[in-house]
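Just the structure for this:
(2 chains)
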Amino acid sequence: MKTLLILGAGTGGTMVANKMAQALDMQEWKIILVDKDENHYYQPGFLFIPFQIYSPSDVIKPKRDFFPQNVDFIYSDIELIEPEKNRVKLAKNNQVINYDHLVIATGSHIHPEETEGLLDGGGWQKNIFDFYTVDGATKLSNFLKYWKGGRMVLNVTEMPIKCPVAPLEFLFLADWFFTERGIRDKVEIVYATPLPGAFTKPRASSILGDFLEKKGISLLPDFNISEVDAGKNKIMSYDQKELDYDLLISVPTNMGAEVIERSNMGDELNFVPTHKNTLQTKKWENVWIIGDAGNVPASKAGSVAHFMLDVVIENILRAIEGLEPLPHFDGHANCFIESGFDKGILIDFNYDVEPLPGKYPLPGFGPFSLLQESAANHWGKMTFRWLYWNVLLKGGELPFESQMSMAGKWQ
Amino acid sequence: MSEKLVLENLEWDADGFMVDNSAWTEEIGSSIAGDLGITLTDRHWIVINFSRDVFNSDGDAPSLRKITKQTDVNTKELYALFPGGAAKIAAKIAGLPKPTGCI
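Residues are numbered from 1 along each chain as shown, chains lettered A, B, ... in the order given. Take a look at the predicted model:
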């Protein structure tokens, strides 16, 4: 028997397990999936918890509901990956698994301890919150329910972060939420970001920057946070800028899994160096990446993991046949940006083409509008949760091509 | 040669980064820095040389975090050495393209 080992059973790992269970001859292959958590989290839903649109039960389901029957699942921490020896050591019973091909899908996680005073300054989960964990989002929800207003600062500590549009969505939803609660006039909303503008790509940055302005949200660009002074409710930047807050929403430093660091496989943020078009790791021919565990310069988002899926499956199957991997991953990302008041904006882009206005997925028709606000985009975002649980995780087909298309986009 | 003369015959992109990094010399680096009001010290050169090494092996200028993790220059010092956006300014002086760090 040969072994395909998948580390991490989140969005990427689960999709790979489902696809591979169909693609491989299971008389010849064994598929093993490892994860330390029994729950699957619908991470795009975390954003809605602070505003009481979703509750934790909307975003958590047992992982086992999404695994094919013929895949072995092991609940365990991963102790060490030894790519030179083609084996992985697990924490549980000191088990050692030898593999023929390895897929790393261990994702990225927030590390508030990387910023001085953020986690240990005394303000964490009092008037400083994250919304990238269920715990943080839920505690923030309780806080916002009774908040009387003041200055809310949303700060991104450093790039790259998972889902780079999430901070913007949080700001738009906050504007809507405080309006609904009748206290919008008592809340000042400020976005302090290390980026030079509202977003990472120029055209979208300018259009999304206009949305911020329209909604009365101030933008403080080029803000590289050095520390939080939780006693004085103040954040400071490396170039000596200071910003007072009453409520600080932090998007802390995002890093790859600690096992990547222990195994000496990652870069300075524990992301595994990966060929950006084949998804093969740079050092090991039988080690592959899906999702945000790698360092490819694409957005760290579920839609990207989905667009990576067909490429990584095809390339593993080719490698098994002794063929070279194909450079078919184009960095395609597709993000619904919730903009508040039951509207949304959609962006679609890849490594080479920045988000452009237009219609998607059917050129000229839509139903979704690119880089413009519409009710259909909001509807798309809300429907996506159903598609995610029922189609996407199980490796089903969505009506979107993996590779980005220029059709329907206006140059 | 004056700073102006050294820089005049080179090609620059819209953001003021050198187009052909192979044409870079230490003299050019000093001239770019002078243009930005920075006098280069040994500490600057640690960062500039490291950035060029990383670019030559990875094809990309290093992020701030990479510089601080792999040299003895910490983030506060880095901002003091290269005021106005440490990673960007260091790459500019080192004759490298704008860092692609953010996505």
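
Nearest residue to residue B:75 in space, please, no chain neighbours.
Ranked by CB to CB, 6 or more residues apart in numbering or on different chains and with sequence neighbours excluded, the top spatial neighbour of residue B:75 is residue B:68, at 5.2 Å. C-beta: built from backbone N, CA, C; applies to glycine.

Now that residue A:395 has come up, it's in contact with residue A:22, right?
Yes: using CB atoms under 8 Å, residue A:395 makes contact with residue A:22 at a distance of 7.1 Å.

For those two, indicate the residue with more neighbours.
Shown here are residue A:395 and residue A:22; by other CB atoms under 10 Å in any protein chain shown, residue A:395 has more neighbours (21 against 11).

Let me see the domain layout of chain A.
Per automatic domain parsing, the structural domains of chain A span A:2-107+A:257-320, A:130-253, A:335-392.

looking at these, which is closest to residue A:115?
Among these, domain A:130-253 comes nearest to residue A:115, with 5.2 Å by CB to CB.

and the end-to-end length of the closest one?
11 Å (CA to CA, to the nearest Å).

swap in stretch A:315-333?
20 Å.

burial measure for the residue of the stretch 51-200 of chain A found nearest chain B, as a count.
Proximity to chain B, evaluated over the stretch 51-200 of chain A using CB to the nearest CB, is greatest for residue A:159 at 3.9 Å. Neighbour count for residue A:159, taken as other CB under 10 Å: 17.

Can you give the contact residues for the longest helix seen in chain B?
In chain B, assigned by DSSP state H, the helix with the most residues is helix B:42-58. With contacts defined as CB atoms under 8 Å, 6 or more residues apart in numbering or on different chains, helix B:42-58 is touched by B:21, B:24, B:29, B:33, B:38, B:40, B:60-62, B:66-67, B:70-73, B:77-78, B:81-82, B:90-91, B:93-96.

One more: stretch A:69-80?
Against stretch A:69-80 from outside (CB under 8 Å, 6+ apart): A:7, A:9, A:17, A:21, A:26, A:30-38, A:63-64, A:67, A:88-92, A:94-95, A:106, A:257, A:259, A:262-263.

among the residues you listed, which ones are buried?
A:7, A:9, A:17, A:21, A:30-36, A:63, A:67, A:88-90, A:106, A:257, A:259, A:263 (16 or more other CB atoms under 10 Å in any protein chain shown).

Take these and keep only those in helices.
Using DSSP H, the subset of those located in helices is A:17, A:21, A:259.

want to try a markdown table for the residues you listed, with distance to residue A:149 and pLDDT as columns?
As requested, those are exported to a markdown table (distance: CB to CB, whole Å; pLDDT from 0 to 100):
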| residue | distance to residue A:149 | pLDDT |
| --- | --- | --- |
| A:17 | 47 | 97 |
| A:21 | 52 | 96 |
| A:259 | 43 | 98 |
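
could you dump these to CSV with distance to residue A:225?
Output for these, formatted as CSV (distance: CB to CB, whole Å):
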residue, distance to residue A:225
A:17, 38
A:21, 44
A:259, 27
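
As a check, name the ranges of all strands in the stretch 251-400 of chain A.
Listed in chain order, the strands of the stretch 251-400 of chain A (DSSP state E, counting those that start in this stretch) span A:253-256, A:287-289, A:333-340, A:343-349, A:358-362, A:366-370, A:373-374.

Deepest-packed of the ones you listed, please.
Most buried of the strands of the stretch 251-400 of chain A by mean neighbour count (mean count of other CB atoms under 10 Å in any protein chain shown) is strand A:287-289; its value is a mean of 26.

what does that strand rub up against?
If you take CB under 8 Å, 6+ apart as the criterion, strand A:287-289 is touched by A:83, A:101-105, A:272, A:274, A:279-281, A:296, A:312, A:315-316.

By pLDDT, rank the residues you listed and give me the bottom one.
By pLDDT, residue A:296 ranks lowest within the contacts of strand A:287-289, coming in at 94.

Any quick PyMOL command for the buried ones out of the contacts of helix B:42-58?
This is how PyMOL selects the buried members of the contacts of helix B:42-58, with burial counted by 16+ other CB under 10 Å:
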select buried, chain B and resi 21+24+29+33+38+40+60+61+62+66+67+71+73+77+78+81+82+90+91+93+94+95+96
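
contacts with chain A among the contacts of helix B:42-58, please.
Subset of the contacts of helix B:42-58 in contact with chain A: B:66, B:70, B:78, counting by CB under 8 Å from any CB of the partner chain.

Am I right that the first one sits in a strand?
Yep, that's residue B:66 we're talking about. No: counting by DSSP: H, G, I helix; E, B strand; the rest coil, one finds residue B:66 to be helix, located in no strand.

which residues sit in contact with residue A:213?
residue A:219.

how near is it to chain B?
22 Å (CB to the nearest CB, to the nearest Å).

and the gap between residue B:89 and residue A:25?
56 Å (CB to CB, to the nearest Å).

Neighbour count: the two, which is higher?
Comparing residue B:89 with residue A:25 by other CB under 10 Å, the one with more neighbours is residue B:89, at 20 against 7.

so who does the more buried one touch?
Counted by CB under 8 Å, 6+ apart, residue B:89 has contacts B:36, B:38, B:82-83.

With respect to chain A, which of those residues is nearest?
Distances from chain A to the contacts of residue B:89, taken by CB to the nearest CB, are shortest for residue B:83, at 6.6 Å.

which non-adjacent residue is nearest that closest one?
Setting aside the residues directly before and after it, residue B:83 is nearest to residue A:239 in space (CB to CB, 6+ apart), at 6.6 Å.

got CSV for the strands of the stretch 251-400 of chain A, with mean pLDDT too?
Below are these laid out as CSV (pLDDT from 0 to 100):
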stretch, mean pLDDT
strand A:253-256, 97
strand A:287-289, 98
strand A:333-340, 92
strand A:343-349, 92
strand A:358-362, 88
strand A:366-370, 89
strand A:373-374, 92
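
Close to chain B: what parts of the stretch 201-350 of chain A are there?
A:222, A:224, A:226, A:238-239, A:267-269, A:297-300.

Export these as a markdown table, with columns for neighbour count and pLDDT.
Output for those, formatted as a markdown table (neighbours: other CB atoms under 10 Å in any protein chain shown; pLDDT from 0 to 100):
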| residue | neighbour count | pLDDT |
| --- | --- | --- |
| A:222 | 16 | 89 |
| A:224 | 20 | 92 |
| A:226 | 18 | 94 |
| A:238 | 21 | 90 |
| A:239 | 15 | 86 |
| A:267 | 19 | 93 |
| A:268 | 17 | 92 |
| A:269 | 21 | 95 |
| A:297 | 14 | 90 |
| A:298 | 24 | 92 |
| A:299 | 25 | 91 |
| A:300 | 22 | 93 |
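
Just the pLDDT for residue B:99.
Predicted confidence (pLDDT) at residue B:99: the value is 76.

er, residue B:1 I mean
Taking residue B:1 on its own, its pLDDT is 51.

For the residue nearest to residue B:83, give me phi and psi.
The phi and psi values for residue A:239, taken as degrees, to the nearest 10, are phi -100, psi 30.

Please apply the same query to the one 10 residues further on.
Dihedral angles phi and psi of residue A:249 (degrees, to the nearest 10) take the values phi -100, psi 120.

List the contacts of the closest residue to chain B within the stretch 251-400 of chain A.
Relative to chain B, the nearest point of the stretch 251-400 of chain A is residue A:268 (4.6 Å; CB to the nearest CB). With contact set as CB under 8 Å, 6+ apart, residue A:268 has these partners: B:63, B:65-66, B:69-70.
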